[in-house]
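Trainee: my questions concern the predicted model and sequence given below.
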Amino acid sequence: MEHGQKVELAHRTKPALRASLFGGFQLFAPDGIAIAITNRRARAILAMLCLAPDETLDRNYLSKLLWPGRFEAQARASLRQCLLDIGKLFQSMDCDLVEISRASVGLKAFAVRTDLGEVESALASEDYAAASELLISIGAKPLLDQINFDEAFDDWLRLRRHETEQRLQVGVATALSALKKSDNLADHARLLNAWSLRSPDSNPISNRKQGKVRIAVLPFKSIAEPDDQSFFADGIVDELITTFGQVPQLLVAGRTSSFQFKNTDKNPSDIASALNVSYLLEGSVQRKGEQVRIDVGLIDAETGFESWSYSYDGTLDDIFAARADVAQAVTNGLSEALNLQEHQPKTRTLTTNREAYGLYLQGRALTIRAIGDGVLPAAIELLEKALALDPEFAECWTALAEAEINVTVFSPCLDRLERCEKAAGYANKALKLSPQQAHARIVLAFYAWTQNDIVGALDLAFEAYLLEPNNPDVLNRVGSFLLYCGRCRDALPYIEASIDQDPVNGRSYAILCGVHLNLGNIDVAIDAGQRMVDLGFPSLWLAAATAIAGDNERAVETYQLTKKLMNTVIYPPAGSAPMDPEAMDAYWLMAAKGLWSGEGQDRKNYCMVLEMLHATLHDSCDSTIVLPAIWMGEAQMVFKTLGKQITTANFFAFMSLWTNAEPINQVRLHPDFMDFAQRIGMVAAWEKYG
């Protein structure tokens, strides 16, 4: 049933009860009198049901969530008794409210109306006056306030609050845009003032930098024998970046940008300027036999002087066992030096096996590097060896999942879908061992895209963001996924926050270029595209922005520059051999002219090549077909590639679907576009996220 039909039917069927979800949960009888629910778990169950009245709750999940720590049979028995109590309560009121089966619990259709449902219904039906009044009535009250159990329930509630606020924000933004377009300034101001009570500006993306000290942890120097101990130094840096990232008053530069300055001869002031930080944390790990010394120093970027230092001496086994303690000691000393409040971070469970840890660090370093002949197979081999030594090593399972995903993206493999499914299996193993793994959720989000489950991908990305809101990689993925769905304005703050924290990551500028192209900010898109190229990334989107700006000749030249990265950053399609230099020059010239010269014959020639590639390549949905098809507005080619199979190697092309320029918009304006969007799960994503 479509959302509009549900809303219409809901208006025709008057619910017997009303629930207040904002603030303390309350359930009201038809006469308006509050119903006393003394059993706090019964209260929680009813609140959960009212929050999502169209969904059922799994009984096994409920018993574990609300009766943690009890034996499974005890928890199920407690739930059974609680449900009996709920049934008796409403039976005494002659009210048929809850449907209970052996497997699940749900509400009768349209049995309860809620303040949240009323707001969303008013926004959907364009009753903006009612929406404003309802928003004023709920004000800044938290959703389901004062319902507390243990950490698992808190995590569940935190995620539901985030999803709800996201939906409301999208609904209000859509309404404000419609009111502005219709010049209804009075209702626009009223709705904007009502929404301001929920403080949309308090979004952590918009205010995340306020009052924070900006710091970068640079790669430590490793003074040791030529073995894997250099990776041990990198492990300490990773531990510090993770620990600092949990300190509310610190904004930590991303690992990708920090590690750009490994073994650099640049002075601290230049590095700090490039990373946009006020402080640098430098260090070294010196090993003589089994004895190890760690030296750490805090550099003030303005003066270039060391303002604080720390040293730790011990055996390799001592430091391996105490690495989390070392990170905490450095964090405490840093907090004192910078006048910050001390903060106790969550401890990570890595491994107690030193050899497995060394293999993990080496494998993860290669996984992050990704590009290069044999790099990723070597990474996978190292990570598999580590897991053979310690199968309970959760973060190693996540790293192995990421390595498999990188193979599908950065190499011309013939088994993308199989590897992606394998990566999802590894990510699930990681989450089973350690449910707080943000990156494991990102891997599962990639897999969800390949299954046309775009809603699931967005849900997983936002879960990752809730777990690690200051992780620039997570910010980048949330922003990317929103962009791929056409939510360009929603994507922008996440991408900008990612770049602010990780300013030497070329991929982020490619996404930023795409966002601004779609928003019509062509000059800004060109600047972002040029920065992307300066950082060594392909010039594809810079060429697109240049052509849209009207300089076709320069766009052709810019697009051809990508051939320099062929077989280094860009690989030939799966199953095809590398081109010789002469053939490569001819292909890229023909492609560049077909896309950006503006000449009809050039376009026709390239379209014929795309048809040939589609018929002959091992992967008929390869990005070398999909992306040009979007840019040339070849709708049917887009529908029979992306519409047939989304892969981790082609779904980035979605970012270009939303550019409002000829001929790109011919795909979006095609009569079959909505059928295509429905088939791949995009419509479902719009229904949930706007």
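Mentor: Nice, thanks for sending it over. Everything numeric here is computed off the predicted structure, so don't read it as measured data.

Trainee: only C-alpha atoms from now on, for both contacts and neighbour counts.
Mentor: OK.

Trainee: the nearest residue to Trp67 once chain neighbours are set aside: helix or strand, and which one exactly?
Mentor: With sequence-adjacent residues excluded and distances taken as CA to CA, 6 or more residues apart in numbering, Trp67 is closest to Ala75, at 5.6 Å. Assigned by DSSP states H and E, Ala75 falls within helix 72-92.

Trainee: avg pLDDT for the helix or strand that that helix is followed by?
Mentor: Downstream of helix 72-92, the next assigned helix or strand under DSSP H and E is strand 98-100. Mean per-residue pLDDT for strand 98-100: 88.

Trainee: give me the contacts around strand 98-100.
Mentor: 87, 105-108 (CA atoms under 8 Å, 6 or more residues apart in numbering).

Trainee: ok, Ala547 - contacts?
Mentor: Here Ala547 is in contact with 554-555, 596 (criterion: CA under 8 Å, 6+ apart).

Trainee: and with 7 Å instead?
Mentor: Contact analysis of Ala547 by CA atoms under 7 Å, 6 or more residues apart in numbering lists 555, 596.

Trainee: show the pLDDT at it.
Mentor: Note for Ala547: predicted pLDDT of 96.

Trainee: so it belongs to a helix, correct?
Mentor: Yes: Ala547 forms part of a helix when assessed by DSSP: H, G, I helix; E, B strand; the rest coil.

Trainee: picking that back up, for the contacts of strand 98-100, which one is nearest Met590?
Mentor: For those, the residue nearest Met590 by CA to CA is Gly106; the value is 59.6 Å.

Trainee: what score does the residue nearest to Phe481 when sequence neighbours are not counted have for pLDDT?
Mentor: Excluding the flanking residues, the one nearest Phe481 by CA to CA, 6+ apart is Leu458, at 6.6 Å. Looking at Leu458, its pLDDT is 90.

Trainee: then His188?
Mentor: pLDDT for His188: 75.

Trainee: list the contacts of it.
Mentor: Counting by CA under 7 Å, 6+ apart, His188 has contacts 176, 179-180.

Trainee: so which of these are in helices?
Mentor: In this view, the contacts of His188 that belong to helices under DSSP state H are 176, 179-180.

Trainee: restricted to buried residues, select those residues in ChimeraX.
Mentor: Selection of buried members from those for ChimeraX, criterion 16 or more other CA atoms under 10 Å:
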select :176,179
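
Trainee: in a markdown table, list the ones in helices among the contacts of His188 along with distance to Leu542 and pLDDT.
Mentor: As requested, the ones in helices among the contacts of His188 are exported to a markdown table (distance: CA to CA, whole Å; pLDDT from 0 to 100):
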| residue | distance to Leu542 | pLDDT |
| --- | --- | --- |
| Leu176 | 33 | 83 |
| Leu179 | 35 | 84 |
| Lys180 | 32 | 75 |
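
Trainee: looking at the ones in helices among the contacts of His188, which one is closest to Phe231?
Mentor: Nearest member of those to Phe231, counting by CA to CA, is Leu176, at 52.0 Å.

Trainee: the closest one: what's its closest spatial neighbour, skipping adjacent residues?
Mentor: Once flanking residues are discounted, Leu176 sits nearest to His188: 5.8 Å by CA to CA, 6+ apart.

Trainee: secondary structure and pLDDT for the contacts of strand 98-100 - can I get that in TSV?
Mentor: Converted to TSV, the contacts of strand 98-100 look like this (DSSP: H, G, I helix; E, B strand; the rest coil; pLDDT from 0 to 100):
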residue	secondary structure	pLDDT
Gly87	helix	86
Val105	strand	92
Gly106	strand	91
Leu107	strand	89
Lys108	coil	86
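
Trainee: give the buried subset of the residues you listed as a PyMOL selection command.
Mentor: A single PyMOL command selects the buried members of these (16+ other CA under 10 Å):
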select buried, resi 87+105+106+107
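
Trainee: what residues are up against the residue nearest to Trp67?
Mentor: So Ala75 contacts 63-64, 67 (CA under 7 Å, 6+ apart).

Trainee: tell me the one of those residues nearest Asp534?
Mentor: Lys64 (52.0 Å).
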